[in-house]
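*Asks:* this one's sequence-less:
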């Protein structure tokens with residue numbers, strides 16, 4: 001009636017029809033032992049499969065097959081009445097299993113093609129193989145098989161090229177072709193119900209290639225195309241047929257792959273050169289610019305020349321090399337920052353030593369005192385840290401910082417006049433008041449450094465030590481009369497170290513006390529002058545204090 005040039009059924013009928021009158025009467029007899037008969041039907045209408053097979057035979061239709069590595073349905077498809085083609089020079093994808101129609105339907109036609117296609121690794125369908133192998137047979141894809149039902153003759157040319165119906169198609173070594181997908185509105189769809197009702201104009205289908213299939217989502221016959229659109233499998237076959245008849249398949253020149261990789265390598269070397277030259281802004285600008293330009297060029301070549309240049313051949317090496325260059329940059333930058341930080345720390349220590357040296361020049365008694373007190377603090381703090389005491393405050397970094405900042409505890413003495421600082425006798429109340437101001441003078445000196453730089457933990461700790469190392473646990477110290485844990489912990493450490501060293505060392509106004517007497521004074525100050533926790537820890541490592549005092553006595557060189 002409609003006289004199409006070719007018909008392809010994107011369907012598989014692997015089981016006998018169960019709605020045939022013959023199948024229904026057999027069902028009741030087999031399961032319920034009921035003998036029934038549908039009367040009034042001639043014998044040729046008793047089996048729907050026979051009717052369907054006869055219709056297929058008269059229409060020269062093409063049927064579908066399912067090729068896979070897994071056995072999805074147990075039916076025997078061999079042998080197929082399909083002519084073998086010699087494609088030994090190609091690396092065809094091999095399929096171990098085949099699902100096909102029932103023998104009754106299969107024997108009615110001569111044309112078969114596989115329906116299922118494999119997506120790329122990213123889940124998108126871009127290419128279709130013209131042929132796959134099953135056993136000793138090479139089977140065409142369903143869309144190509146439908147075209148071969150019009151003219152089964154084709155030629156294999158050089159350079160992996162074929163001619164079908166006068167159209168030349170170039171493939172890769174696996175006979176893959178790249179689809180040129182169309183917009184969804186391009187596809188012409190006709191309902192089978194309208195055809196059966198005769199409401200479709202004959203001119204619409206006459207001489208056309210007709211593919212019949214199902215749009216039911218439950219059949220899972222859907223793929224994702226390279227443009228990200230989900231499409232039915234039958235549309236893919238329609239696209240294939242139109243691409244072939246219009247000579248509009250995309251192609252992918254092999255040499256473009258190597259050009260992309262080489263260009264990516266060149267850009268990577270350029271990035272590395274710019275990295276060495278520290279042209280960071282140029283690297284970023286070049287990276288974004290080349291990435292954008294490559295995308296524009298890829299789409300332009302595809303739109304105007306039909307050449308598909310996979311962005312991945314450039315993008316993956318490009319991003320990989322850029323990543324490696326970035327890692328190299330991070331490593332180099334980290335090394336340089338670390339070197340700079342270490343240099344800065346050395347500068348801080350050198351500056352600190354210079355300030356301490358000024359104090360030493362002004363007060364000759366503070367030289368080895370500075371060395372001893374910072375070592376006392378480090379030993380005492382490590383003892384507490386190792387026992388898990390004051391771990392909310394103490395850490396290896398904090399302990400090291402206390403060690404570095406401890407020498408600044410008496411930096412304020414720079415502002416005390418020599419007549420008071422070096423007085424051999426006991427200070428008068430007025431002179432003692434002046435001496436006490438060294439704590440606030442030290443705070444102001446370090447505050448000045450903070451105002452000219454910026455606040456950080458090093459300066460804060462140094463200020464706390466200089467300002468509060470004469471505070472007492474019971475609140476009777478100076479300059480602010482702080483008590484208990486209101487006194488910064490670094491100042492509490494400094495207090496016990498400073499007093500211990502003052503007692504065991506000779507001063508212009510006193511002879512050194514014995515270690516036993518010094519120990520008794522420290523114990524007496526537990527909970528009044530000193531933090532009781534620190535005193536307890538001190539008593540456990542008192543020998544360490546004694547060894548430090550002896551090793552770095554005023555008679556030795558630091």
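*Replies:* Yes, it's here. A quick note: this is a predicted structure, and the numbers were derived from the prediction, not measured. Residues are numbered from 1 along each chain as shown.

*Asks:* Ranking helices and strands of this structure by mean pLDDT, which lands last?
*Replies:* In the chain, no helix or strand scores lower on mean pLDDT, DSSP states H and E than helix 311-362, which sits at a mean of 69.

*Asks:* ok, now which ones touch residue 237?
*Replies:* The neighbours of residue 237, taking C-beta atoms under 8 Å, 6 or more residues apart in numbering as the test, are 8, 10, 115, 141, 142, 143, 146, 211. (Each C-beta comes from the backbone N, C-alpha and C, glycine too.)

*Asks:* I'd like to know which of those residues are part of helices.
*Replies:* 142, 143, 146 (DSSP state H).

*Asks:* Can you name the residues that contact the last one?
*Replies:* Contact criterion C-beta under 8 Å, 6+ apart gives 6, 7, 8, 62, 111, 113, 209, 211, 237, 241 as the residues in contact with residue 146.

*Asks:* Same check on residue 501?
*Replies:* Contact analysis of residue 501 by C-beta under 8 Å, 6+ apart lists 369, 372, 373, 376, 549.

*Asks:* Which one of those is nearest to residue 44?
*Replies:* residue 376 (113.6 Å; C-beta to C-beta).

*Asks:* What pLDDT is listed against residue 138?
*Replies:* Residue 138 carries a pLDDT score of 88 in this model.

*Asks:* can you list the weak-confidence ranges in the stretch 1-150 of the chain?
*Replies:* Scanning the stretch 1-150 of the chain for pLDDT under 70 picks out the ranges 1, 72-76, 78-85.

*Asks:* Please repeat the previous calculation with a cut-off of 80.
*Replies:* Across the stretch 1-150 of the chain, the ranges flagged by pLDDT under 80 are 1-2, 29, 35-45, 70-86, 121-122.

*Asks:* Helices of that one, start to end?
*Replies:* With DSSP state H, counting those that start in this stretch, the ranges of helices along the stretch 1-150 of the chain come out as 21-32, 48-59, 103-106, 142-148.

*Asks:* Return the most buried member of those helices.
*Replies:* Each of the helices of the stretch 1-150 of the chain was scored by mean neighbour count; the highest is helix 142-148, a mean of 27, by mean count of other C-beta atoms under 10 Å.

*Asks:* returning to that earlier point: tell me the most packed of the contacts of residue 501, by neighbour count.
*Replies:* Neighbour count (other C-beta atoms under 10 Å) singles out residue 373 as the most crowded of the contacts of residue 501, with 29 neighbours.

*Asks:* Correct me if wrong: that residue contacts residue 408.
*Replies:* No - counting by C-beta atoms under 8 Å, residue 373 stays clear of residue 408, with 10.8 Å between them.

*Asks:* what about the residue lying closest to residue 168 once chain neighbours are set aside, how many neighbours?
*Replies:* Setting aside the residues directly before and after it, residue 168 is nearest to residue 161 in space (C-beta to C-beta, 6 or more residues apart in numbering), at 5.7 Å. Residue 161 has 12 neighbours, counted by other C-beta under 10 Å.

*Asks:* one step back: return the closest of the ones in helices among the contacts of residue 237 with respect to residue 442.
*Replies:* residue 143 (89.8 Å).

*Asks:* okay, and for the stretch 401-550 of the chain, where does confidence drop off?
*Replies:* Using pLDDT under 80, the stretch 401-550 of the chain drops low at 421-422, 449-456, 507-510.

*Asks:* what's the distance between the nearest residue in space to residue 324 that is not next to it in sequence and residue 388?
*Replies:* In this structure, residue 324 finds its nearest non-sequential neighbour in residue 268, 7.5 Å apart by C-beta to C-beta, 6+ apart. As for residue 268, its distance to residue 388 is 51 Å (criterion: C-beta to C-beta, to the nearest Å).

*Asks:* which of the two has more neighbours?
*Replies:* Neighbours per residue, other C-beta under 10 Å: of residue 268 and residue 388, the larger number sits with residue 268, 18 against 8.

*Asks:* Is it correct that that one is in contact with residue 325?
*Replies:* Yes - under the criterion of C-beta under 8 Å, residue 268 makes contact with residue 325 at 6.4 Å.

*Asks:* if I look at the residue sitting nearest the centre point of the chain, how far off is residue 268?
*Replies:* By C-alpha atoms, centre = their mean, the chain has its centre lying nearest to residue 323, at 11.8 Å. Residue 323 sits 10 Å away from residue 268, going by C-beta to C-beta.

*Asks:* Same question for residue 203.
*Replies:* 60 Å.

*Asks:* elements contacting the very next helix or strand once past the least confident helix or strand of the chain?
*Replies:* Using DSSP states H and E, the helix or strand that follows helix 311-362 in sequence is helix 367-386. Applying 3 or more C-beta pairs under 8 Å, 6 or more residues apart in numbering; DSSP states H and E, we find helix 367-386 packed against helix 311-362, helix 396-405, helix 489-504, helix 532-540, helix 542-551.

*Asks:* 6 Å instead?
*Replies:* Judged by 3 or more C-beta pairs under 6 Å, 6 or more residues apart in numbering; DSSP states H and E, the packing partners of helix 367-386 are helix 396-405, helix 489-504, helix 532-540, helix 542-551.

*Asks:* Nearest to residue 383, out of those helices?
*Replies:* Once the helices and strands packed on helix 367-386 are compared by C-beta to C-beta, helix 532-540 is nearest, at 5.2 Å.

*Asks:* now for that closest one, which elements pack on it?
*Replies:* So helix 532-540, by 3+ C-beta pairs under 6 Å, 6+ apart, packs with helix 367-386.

*Asks:* Buried residues, the helix it packs on. List them.
*Replies:* 367-385 (16 or more other C-beta atoms under 10 Å).

*Asks:* cool, stretch 135-144 as well?
*Replies:* 137, 138, 139, 140, 141, 142, 143, 144.

*Asks:* Identify the farthest-apart pair in the residues you listed.
*Replies:* 137 and 143 (18.1 Å).

*Asks:* residues near residue 175, how many?
*Replies:* Residue 175, neighbours per other C-beta under 10 Å, totals 24.

*Asks:* Model confidence for it, exactly?
*Replies:* pLDDT, read off for residue 175, is 92.

*Asks:* Got phi/psi on it?
*Replies:* Backbone geometry at residue 175, expressed as degrees, to the nearest 10, gives phi 60, psi 20.

*Asks:* for it, what are its contacts?
*Replies:* 90, 129, 130, 131 (C-beta atoms under 6 Å, 6 or more residues apart in numbering).

*Asks:* can you pull up the bridge partners for the second one?
*Replies:* By that I understand residue 129. residue 176 (DSSP bridges).

*Asks:* pretty sure it contacts residue 177?
*Replies:* No - counting by C-beta atoms under 6 Å, residue 129 does not reach residue 177; the two are 8.0 Å apart.

*Asks:* ok, these two, which is more surrounded?
*Replies:* Neighbours were counted for residue 129 and for residue 177 using other C-beta under 10 Å; residue 177 has more, 24 against 21.
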